[in-house]
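1. got a predicted structure plus its sequence, pasted below:
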Amino acid sequence: MTSRSAGRRSHPLRWVLSRALVRSWLHAFRTSRSALYFRARNRFATTPVRGDAPVVVSLTSYGSRIRTVHLAVESMTRGTVRPRRLILWLEDPAVVADPPAPLARLVRRGLEIRTTEDWGPHKKYYPYVCSEARHELPLVIADDDVLYGETWLEELLAVHERHPGDVVAHRAHRMRVQAGRIQPYATWVPGAPAGASLQTFATGTSGVLYPPRLLDALREAGSGFTACAPRADDVWLHAVALRQGVGTRPVHDGRTTYRPIPRLVIRGLKTTNVLRGGNDMQIAATYSPSDVEELERARAAEGP
């Protein structure tokens with residue numbers, strides 16, 4: 001009898017418990033939404049990025065964030081449904097031609113990496129809406145700095161199937177309009193009531209679905225955002241939807257948030273747009289008096 005087998009006979013309960021702990025740890029790792037898990041998954045997974053869900057997913061990245069955007073994409077590949085196309089827009093042709101190894105692995109699994117002009121955050125949707133003469137599929141725009149949950153896309157599509165004309169958002173705010181003025185962004189109420197509303201303002205962090213009709217309108221609106229909201233894609237997207245009479249409908253209560261990718265928590269547009277008042281300046285430049293009147297009519301009809 002070897003010493004190992006003797007040890008197992010001497011302490012059978014300890015051996016069984018240790019195996020159970022290992023199995024439990026492995027299960028926790030497999031079901032984790034951590035960056036470490038998705039780094040490992042990127043190296044070894046063969047799961048296709050694309051699937052048969054009738055939707056296109058689009059995002060962008062820039063600078064040092066390109067080194068971690070594969071984690072956000074990898075989290076999408078673990079979803080309960082996968083889109084027909086998943087597109088990453090980058091402005092650097094050299095990176096598109098020779099992407100970092102983690103992105104190259106995703107390209108082999110179906111990720112599209114395409115070159116675009118530097119439209120700022122509008123890169124995540126604008127080059128796509130301009131590439132189609134007429135849109136048949138909805139578009140989901142996503143951010144590059146969060147790890148998405150397994151059902152994030154399935155939930156957006158489920159609401160879209162019931163309400164195909166609405167914008168659908170995991171995360172949203174309720175706009176405040178008083179005395180003919182849009183109130184400061186910091187005073188808007190997080191979350192949104194059930195149902196579609198022109199007062200509901202989608203924020204793209206957790207994923208937003210835009211219906212085909214609105215994609216056509218965005219193409220027709222062109223690059224007007226460069227003059228009024230160059231760093232606030234959410235503002236421009238809502239303004240165009242408002243002018244088309246397209247309301248935004250939340251998933252659940254409009255408060256869904258996903259785990260941020262480490263070291264990207266305080267970077268990006270949140271610093272300038274939210275903490276430094278950039279949103280308010282771009283809101284003032286984007287919404288016309290007639291837009292504000294439309295919001296006031298919606299408020300009167302729907303309540304605050």
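-> Received the coordinates, thanks.
2. where in this structure is the helix or strand with the lowest mean pLDDT?
-> None of the helices or strands of the chain scores lower by mean pLDDT, DSSP states H and E than helix 3-10, at a mean of 47.
3. for stretch 160-174, measure first residue to last.
-> Stretch 160-174 has an end-to-end distance of 20 Å (criterion: C-alpha to C-alpha, to the nearest Å).
4. average pLDDT across that stretch?
-> Averaging pLDDT along stretch 160-174 gives 98.
5. please identify the buried residues of that stretch?
-> By neighbour count on 16 or more other C-beta atoms under 10 Å, the buried set for stretch 160-174 is 160, 166-174. Using the backbone N, CA and C atoms, a C-beta is placed for each residue, glycine as well.
6. quick one: average pLDDT of stretch 203-219?
-> Stretch 203-219 shows a mean pLDDT of 97.
7. tell me where the stretch 101-250 of the chain has strands.
-> Ranges of strands in the stretch 101-250 of the chain, per DSSP state E, counting those that start in this stretch, are 112-115, 139-141, 146-147, 167-169, 172-174, 177-178, 181-182, 189-190, 200-202, 208-210, 248-250.
8. closest one to R297 among those strands?
-> Proximity to R297 (C-beta to C-beta) singles out strand 177-178 among these, at 9.9 Å.
9. quickly run through the sheet partners of the closest one, with directions.
-> Neighbouring strands of strand 177-178 in its sheet, by DSSP bridges, are strand 181-182 (antiparallel).
10. avg pLDDT for the partner strand?
-> On average, the pLDDT along strand 181-182 is 96.
11. the nearest residue to R67 once chain neighbours are set aside and R259, how far apart?
-> With sequence-adjacent residues excluded and distances taken as C-beta to C-beta, 6 or more residues apart in numbering, R67 is closest to P100, at 6.6 Å. For P100, the distance to R259 equals 22 Å [C-beta to C-beta, to the nearest Å].
12. and stretch 126-137, what's buried?
-> By neighbour count with 16+ other C-beta under 10 Å, stretch 126-137 contains the buried residues 126-129, 135, 137.
13. tabulate those residues (a markdown table), appending distance to E91.
-> A markdown table is the format used below for those (distance: C-beta to C-beta, whole Å):
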| residue | distance to E91 |
| --- | --- |
| Y126 | 12 |
| P127 | 10 |
| Y128 | 14 |
| V129 | 17 |
| H135 | 23 |
| L137 | 25 |
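14. what's the helix or strand hosting A300 packed up against?
-> Counting by DSSP states H and E, the element that carries A300 is helix 289-302. The contact analysis (3 or more C-beta pairs under 8 Å, 6 or more residues apart in numbering; DSSP states H and E) places helix 289-302 against strand 177-178, strand 181-182, helix 233-243.
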